[in-house]
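Undergrad: would you be able to build a 3D model of this:
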Amino acid sequence: METASEPDIDVPAMISFVRDLVRVRSVHDPGAGPGESAVAALVVARMREFGWEPEVSEVAPGRPNVIATIDGGGGPGPVLAFEGHTDVVTEGDRSEWTVDPFGAEVRDGRIYGRGSADMKAGLAAMMYAAAAVQAAGPFPGTIKVCALADEEGMMLGAKHACATGALAGVDGVIVCEPEAGEVCAVAKGALRLRVDVTGKMAHGAMPQHGRNPLPALGLLLSGLGDLQADLQRRHAAHEHLGPLYLTPTVAAAGTPAQQNVIPRTASAYVDVRTIPGADHADIVARVADLATRACAGSGLRSSVTVIDDRPPVDTPATHPVVACLAAAHEEVTGSPARYGGVPGTTDGTILTRDAGLATVVYGPGGKWIAHQADEFVEISDVVTCARVYARAAVRFTGRAQAARSAA
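TA: Below is the predicted model of the structure:
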């Protein structure tokens, strides 16, 4: 059987494509933004130039998923997926930027612009890496290249890909988010909770006729600090993810236009970030118990709604997708892989939760630069990651061939 030669990345074309992607303002801004259709069209066009036949699925109006499947032509073998998202957060206050947020300016070896790191550089790198592997000759197995919508929102693209079976048969996923050269096989989980306290509306001059939910909400917010401390005592900080957090982010009750009215309801939103070993159901139950105790003896009622539940990701370092990526990093850079963790969640969280897929996160750009003004990515970082992706794909898809040879 003919074997693949070393993949050769078309670096100038890849960097030009990164800039093309950054120039498209594909912001996640429900009701106001243009969606991802324009940037997805660029992805589709480039995939077709590579000779691929991408499948486009509309997840929501103007928000398509784009998935290309590349048969290696070398017989049966593992299926590796590369994944990235096409949406970006808004640029925020443009006065904080020293460059055009969508100008894709190149300065001192960096590409500047919203989404340059998070994550249009990763999108381009994974596409050009897959194209290089294919051009190098037949390989066993299959590569899927997935550009999904809505990662910055409720991850509708990843949920749609799982629900429709678009990733059926995948053996491992490399999520190409910016992680500053770290191989991140672990990611924090997330719980989004809303706590509602319901009382009775009344005139502020006659509070005895009402039941005010605000004092109980205050007790709840105060108690969350104690609950967080107790959970942190139970669950030691993770070596890559740090401690578990419960953070109240929104409190709402009444209206300034009616300051003389005791509100009927008050609500708090809580952003919970968990680590492996933490039981989400137990955390929800403890928040609910805290709310019940805050209302005790007052005639108030409380309820807790789980808005979203994203469990932690904990892919073993020995899993082939992690091991192949780490080995590829060492081959390309000459340095051993540095392991880290994702402090938030990525589409990989959904792919693991909903489809049971093994995921690992690794990509160009600084871990902390995302969503900031003057966002940038080092061009050298994009090149390195593309080469690592290509080597990882060769290693991962070649496992079946290596096993046959060893036999």
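
Undergrad: tell me which residue is most central in the protein.
TA: In the chain, the residue lying closest to the centroid (CA atoms, centre = their mean) is residue 346, at 1.6 Å.

Undergrad: surely that residue touches residue 361?
TA: Yes. When contacts are counted by CB atoms under 8 Å, residue 346 is listed as touching residue 361 (5.7 Å). Where C-beta positions appear, they are placed from N, C-alpha and C, glycine not excepted.

Undergrad: find residues that contact each of these two.
TA: 175, 177, 187 (CB atoms under 8 Å, 6 or more residues apart in numbering).

Undergrad: export those as a markdown table, with columns for distance to residue 250 and secondary structure.
TA: Below are the shared contacts of residue 346 and residue 361 laid out as a markdown table (distance: CB to CB, whole Å; DSSP: H, G, I helix; E, B strand; the rest coil):
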| residue | distance to residue 250 | secondary structure |
| --- | --- | --- |
| 175 | 28 | strand |
| 177 | 26 | coil |
| 187 | 24 | strand |
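
Undergrad: mark which of those are buried, thanks.
TA: Taking 16 or more other CB atoms under 10 Å as the criterion, what is buried in the shared contacts of residue 346 and residue 361 is 175, 177, 187.

Undergrad: how near is the closest residue to the last one other than its chain neighbours to residue 182?
TA: The shortest distance from residue 187 to any residue that is not its chain neighbour, by CB to CB, 6 or more residues apart in numbering, is 3.6 Å, and that residue is residue 342. Applying CB to CB, to the nearest Å, one obtains 9 Å for the distance of residue 342 from residue 182.

Undergrad: rewinding a little: what about the residue nearest to residue 187, how many residues nearby?
TA: Under the neighbour criterion other CB atoms under 10 Å, residue 342 is assigned a count of 25.

Undergrad: ok, it - contacts?
TA: Applying CB under 8 Å, 6+ apart, we find residue 342 in contact with 177, 179, 184, 186-188, 241, 313, 348, 361.

Undergrad: just the residues you listed now: which is nearest residue 290?
TA: residue 188 (21.7 Å; CB to CB).

Undergrad: any idea what the nearest residue to residue 217 once chain neighbours are set aside is bridged to?
TA: Sequence neighbours aside, residue 266 is the residue nearest to residue 217 in space, at 4.3 Å (criterion: CB to CB, 6+ apart). Listed beta-bridge partners, residue 266: residue 197, residue 253 (assigned using DSSP bridges).

Undergrad: which residues touch residue 266?
TA: Listed by CB under 8 Å, 6+ apart, the contact partners of residue 266 are 196-197, 199, 213-214, 216-217, 251-254.

Undergrad: residue 291 versus that one, what's the distance?
TA: Counting by CB to CB, the gap from residue 266 to residue 291 is 11 Å.

Undergrad: so for those two, which residues contact both of them?
TA: 197, 216.

Undergrad: quick one: average pLDDT of stretch 64-78?
TA: Per-residue pLDDT values over stretch 64-78 give a mean of 96.

Undergrad: kindly export whatever helix or strand residue 58 lives in (C-alpha atoms) in PDB.
TA: Here residue 58 sits within strand 55-60, counting by DSSP states H and E. This file holds the C-alpha atoms of strand 55-60, laid out as PDB (Å, rounded to 0.1, in the frame of the first residue of the first chain):
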ATOM      1  CA  GLU A  55     -22.400  19.300   4.200                       C
ATOM      2  CA  VAL A  56     -24.200  22.400   5.400                       C
ATOM      3  CA  SER A  57     -26.900  22.200   8.000                       C
ATOM      4  CA  GLU A  58     -29.000  25.200   9.100                       C
ATOM      5  CA  VAL A  59     -29.000  25.100  12.900                       C
ATOM      6  CA  ALA A  60     -30.900  28.400  13.200                       C
END
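
Undergrad: may I see the buried residues of it?
TA: For strand 55-60, using 16+ other CB under 10 Å, the buried residues are 57, 59.

Undergrad: partners of that strand, with directions?
TA: Looking at strand 55-60 with DSSP bridges, its paired strands and their directions are strand 63-71 (antiparallel).

Undergrad: so which elements touch the helix or strand following the strand it pairs with?
TA: Where DSSP H and E defines the elements, the next helix or strand beyond strand 63-71 is strand 79-85. In terms of contacts (3 or more CB pairs under 8 Å, 6 or more residues apart in numbering; DSSP states H and E), strand 79-85 is packed against helix 121-135, strand 142-148, strand 172-175, helix 347-355, helix 379-397.

Undergrad: distance of the residue nearest to residue 187 from residue 168?
TA: 25 Å.

Undergrad: then residue 394?
TA: Spatial separation of residue 394 from residue 168 under the definition CB to CB is 23 Å.

Undergrad: neighbour count winner among those two?
TA: Set side by side, residue 394 and residue 168 show more neighbours around residue 394, with 23 against 10, by other CB under 10 Å.
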